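Chemist: Take this sequence and fold it.
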Amino acid sequence: MPDRKISVIAPARLHMGFIDLSGSLGRHFGSIGVALNEISTRLSITKAAELQVNGPSSDRAIKCTQRLCGLLNVSDQVKIDIEAAIPEHVGLGSGTQMSLAIGSVLNELYDLGLTTREIAQLTHRGMRSGIGIGVFEQGGLVVDGGRGEQTVTPPVISHMDIPEQWRFILVFDQRGQGLHGEQEINAFKELPVFSHQEAARLCYLLMMQGLPAVAEQNINLFGDVITQLQQSVGEHFASVQGGIFTSPEVAEAMQWLEQQGAVAIGQTSWGPTGFCAVDSEQKADALVSEMQTKFANFDHLSFVSATARNSGGDVFSV
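Modeler: Coordinates of the predicted model:
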């Protein structure tokens, strides 16, 4: 079917922090994250006379397509139209979602029968955090169990829907990018040893406070756990990212949001994007509107209200 068109939506995610950086039980990292609706990578593929890629993040998409087609032994004579792409290196999982998006449409186009985790393995995704894979599979709130000696991709150990009325406010700093690539690898090598007692405390908080709070729709208790986790992990990373927040201006905005009653204060991945949560659309819209005025002198900052996506990536024929 030369005119067959396959499309995919791959949701962005908030990386809310690592759970165990000590590895004292033989598993490293483990992380918690949430899928988002409003920010995603959306693209379509059709067969073509030669490889063509149009749209944002096209260079990344070309490299990914060529690599995957080579590994899968299928033709790269395809046309990929990228309608939207998650901004790169700002903490929203752009690389993982682009890889899974392209792998998924190739999988469907050529009827390869691959799973999401097999695609992730081929593209070397999930080397530390597994939440990008988890949110593509299921959406919602995902906790992964980190990496053990035999781990291929980190397993999802908890998946929950986020209450529909909750909103996440994102604060972007357009000037910078978080650590990635070799910088990220070197940063992990430079970090001090993480206390296994602190890792145990964070796991206990998440298991016996944070996750039950989501189930009972208690945003304040959930938010307190995320803020504590972010504070602890942020302090651990401060020596390589310049503070708990990569961007001082984002840090200032997040402090103000906390003063206004927002919860789950943190930075997603290496930033510079900050995030927080509130319990209604009305509150989120009001805070975003007020921030646009209050922080107007920070013309590189922007603010978005987002909903959680309680379903995974969507692959469909058009």
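Chemist: I'd like the next helix or strand past the lowest-mean-pLDDT helix or strand in the chain.
Modeler: Least confident helix or strand, the chain: helix 182-190 with a mean of 66, by mean pLDDT, DSSP states H and E. Elements were assigned by DSSP states H and E; along the chain past helix 182-190, the next helix or strand is helix 196-205.
Chemist: Beyond that next one, next helix or strand please.
Modeler: Per DSSP H and E, the first helix or strand lying C-terminal to helix 196-205 is helix 211-215.
Chemist: by contact count, what packs against that following helix?
Modeler: Helix 211-215 sits against strand 156-160, helix 219-241, with contacts defined as 3 or more Cβ pairs under 8 Å, 6 or more residues apart in numbering; DSSP states H and E. In short, each C-beta sits where N, CA and C put it, glycine included.
Chemist: show me where pLDDT drops low in the stretch 101-250 of the chain?
Modeler: 177-189 (pLDDT under 70).
Chemist: mind redoing it with 90?
Modeler: 126-128, 175-194, 236-243 (pLDDT under 90).
Chemist: nearest residue to Met160 other than its sequence neighbours?
Modeler: Leu141 (4.7 Å; Cβ to Cβ, 6 or more residues apart in numbering).
Chemist: Let me see the contact set for that neighbour.
Modeler: Contacts for Leu141 (Cβ atoms under 8 Å, 6 or more residues apart in numbering) come out as 32-34, 158-162, 214, 308.
Chemist: Is it possible to mark the buried ones in those?
Modeler: By the neighbour-count criterion of 16 or more other Cβ atoms under 10 Å, these include these buried positions: 32-34, 158-160, 162, 214, 308.
Chemist: Now find how far off-centre the host helix or strand of Phe29 is within its chain.
Modeler: Element membership of Phe29, judged by DSSP H and E, is strand 29-47. Mean C-alpha position of strand 29-47 versus that of the full chain (Cα atoms, centre = their mean, to the nearest Å) differs by 8 Å.
Chemist: I'd guessed Ile244 sits against Gln231; true?
Modeler: Yes: contact criterion Cβ atoms under 8 Å: Ile244 and Gln231 qualify, at 6.9 Å.
Chemist: These two: which is more packed in?
Modeler: More crowded of Ile244 and Gln231, by other Cβ atoms under 10 Å: Ile244, with 20 against 14.
Chemist: where does the more buried one land in three-state SS?
Modeler: Recorded secondary structure, Ile244: coil (DSSP: H, G, I helix; E, B strand; the rest coil).
Chemist: Cheers, nothing more for now.
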